[in-house]
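Undergrad: no sequence on this one, just coordinates:
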């Protein structure tokens, strides 16, 4: 879909209907579609999303262009005293997530508040409650900011943040989108569902056993990041960001008991490159790579620093079907070198998932995950298994999910299946 054509479509839609769209959302590290975006554009969820949070071609352009496309009435003024151009409606939204969890063995339930073990057949209400400020701030500048109350630890704080400036130009006779971002985690600026901020499964239970995906520093680093990105000729994408520690409620440079909770020395560079395009069968394909280098200050027990170098290969594939359905595939391979006070370690991961999307009202997904590494150095756990999920959307702002995780190996245990987990989850967005 061409961006200019979509702008005209939004204007016609807003003028003819005068209605506000409804959008979708996910909790925690998978909340990208929120009602304030639909209210701003005047378009339904299907303009930007297949089944959320996965983006359509227009959804990717909307994000890359800084969340600024609008069909709303705006307050405008200009003159010697200055100028302003803002939406008449503030871009606010809310989300409620409720969950129920059953783990095969009571002893494998994770503690929610430091107790051991946690409660099985746990009902989380709310599992999470979020407020969003998401939409255009000014011409060429927009935001996605999520504040979340988390039931397991009873806290309310900053969850996801992406504030960006975007503009368009021509380079070598081809279109160029470029922008600057301020965000709080690697991959937050990304438009594909393979980076740490956007990866399947898009939500999980807080009392379920750890699936091992979060062992990589790409998933652990939370800080203040500043970066830039370009998309040239609608095919070639590149981004670079630099991250620093941003420990909330602390001053100075404290030392922690584990390096991955410590303070980043200097800056942690994150990079991303990708190619996207359409195949002769009208399928969409993305292939790319991203990586991170981070050096942490020492711990209380050992002041020597710890260093982590990550690189990945990733791919996304979307195949439209004749009946309006969609087949969607993602795959990621990750390699992490760890240089620790006690020695060196290598962590490797492979993740793949596929979804069959029935229009915009239902989805069936199957994913595979596998983590393995050098034993005996950093406690890297060998964990592998499958995730099956069925989603039903009676309305585009309500999602009911049934998820089952089956483990084939778990940290050398002879009873990996004791960690198998059934998870029921519901999102409400408004």
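TA: On my side now, so go ahead. Remember, predicted model here, so these are calculated numbers, not experimental data.

Undergrad: buried ones in the helix or strand harbouring residue 386?
TA: Element membership for residue 386, per DSSP states H and E: strand 383-395. Going by neighbour count (16 or more other C-beta atoms under 10 Å), the buried part of strand 383-395 is 383-385, 387, 389, 391, 393. Placement of C-beta: from N, CA and C, glycine included.

Undergrad: how distant is that strand from the center of its chain?
TA: With C-alpha atoms, centre = their mean, to the nearest Å as the basis, strand 383-395 stands 16 Å off its chain's centre.

Undergrad: Which SSE is immediately downstream of the helix or strand of the chain with the lowest mean pLDDT?
TA: Lowest by mean pLDDT, DSSP states H and E among the helices and strands of the chain is helix 3-17, with a mean of 35. Next helix or strand after helix 3-17 toward the C-terminus (DSSP H and E): helix 35-41.

Undergrad: now for that following helix, which elements pack on it?
TA: The helices and strands touching helix 35-41, judged by 3 or more C-beta pairs under 8 Å, 6 or more residues apart in numbering; DSSP states H and E, are strand 92-103, strand 122-138.

Undergrad: To residue 239, which of those strands lies closest?
TA: Closest to residue 239 of the helices and strands packed on helix 35-41, according to C-beta to C-beta: strand 122-138, at 20.2 Å.

Undergrad: re the thing from before, would you mind giving the helices and strands packed on helix 35-41 as CSV with mean pLDDT, distance to residue 187 and mean neighbour count added?
TA: As requested, the helices and strands packed on helix 35-41 are exported to CSV (pLDDT from 0 to 100; distance: least, C-beta to C-beta, whole Å; neighbours: other C-beta atoms under 10 Å):
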stretch, mean pLDDT, distance to residue 187, mean neighbour count
strand 92-103, 92, 21, 21
strand 122-138, 88, 18, 20
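
Undergrad: between those strands, which one is nearest to residue 154?
TA: Closest approach to residue 154 among these is made by strand 122-138 (11.1 Å; C-beta to C-beta).

Undergrad: between the helix or strand following that closest one and strand 122-138, how big is the angle?
TA: The first helix or strand that comes after strand 122-138 along the chain, using DSSP H and E, is strand 141-150. Put simply, strand 141-150 runs at 160 degrees to strand 122-138, going by axes from the mean of the first three to the mean of the last three C-alpha atoms, to 10 degrees.

Undergrad: Okay, buried residues for strand 141-150 please.
TA: So for strand 141-150, counting by 16+ other C-beta under 10 Å, buried means 141-146, 148-150.

Undergrad: could you dump those to TSV with distance to residue 343 and pLDDT?
TA: Output for these, formatted as TSV (distance: C-beta to C-beta, whole Å; pLDDT from 0 to 100):
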residue	distance to residue 343	pLDDT
141	46	93
142	45	92
143	43	92
144	40	92
145	41	91
146	38	91
148	37	89
149	40	87
150	35	75
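
Undergrad: any weak-confidence spans in the stretch 201-350 of the chain?
TA: 246-262, 299-300 (pLDDT under 70).

Undergrad: Which stretches in it count as strands?
TA: Using DSSP state E, counting those that start in this stretch, the strands found in the stretch 201-350 of the chain span residues 223-232, 236-245, 268-278, 284-296, 306-320, 326-340, 343-358.

Undergrad: what's the fourth one packed up against?
TA: Applying 3+ C-beta pairs under 8 Å, 6+ apart, one finds that strand 284-296 contacts helix 217-220, strand 268-278, strand 306-320.

Undergrad: I'd like the distance from it to the chain centre, please.
TA: With C-alpha atoms, centre = their mean, you get 14 Å for strand 284-296.

Undergrad: Buried residues of it, list them for me.
TA: With the criterion 16+ other C-beta under 10 Å, strand 284-296 contains buried residues 284, 286, 288, 290-296.

Undergrad: Over to the longest one?
TA: Applying a neighbour-count criterion of 16+ other C-beta under 10 Å, the buried positions in strand 343-358 are 345, 347, 349, 351-355, 357-358.

Undergrad: From residue 163, how far out is residue 150?
TA: 22 Å (C-beta to C-beta, to the nearest Å).

Undergrad: Span of stretch 295-308 from start to end?
TA: 6 Å (C-alpha to C-alpha, to the nearest Å).

Undergrad: ok, and for that stretch, which residues are buried?
TA: Going by neighbour count (16+ other C-beta under 10 Å), the buried part of stretch 295-308 is 295-299, 305-308.

Undergrad: quick check, nearest of those residues to residue 184?
TA: Distances from residue 184 to those, taken by C-beta to C-beta, are shortest for residue 296, at 17.3 Å.

Undergrad: Surely that closest one and residue 266 touch.
TA: No: if you go by C-beta atoms under 8 Å, residue 296 and residue 266 don't touch, sitting 10.8 Å apart.

Undergrad: three-state assignment of the closest residue to residue 222 other than its chain neighbours?
TA: Excluding the flanking residues, the one nearest residue 222 by C-beta to C-beta, 6 or more residues apart in numbering is residue 185, at 5.5 Å. Recorded secondary structure, residue 185: coil (DSSP: H, G, I helix; E, B strand; the rest coil).
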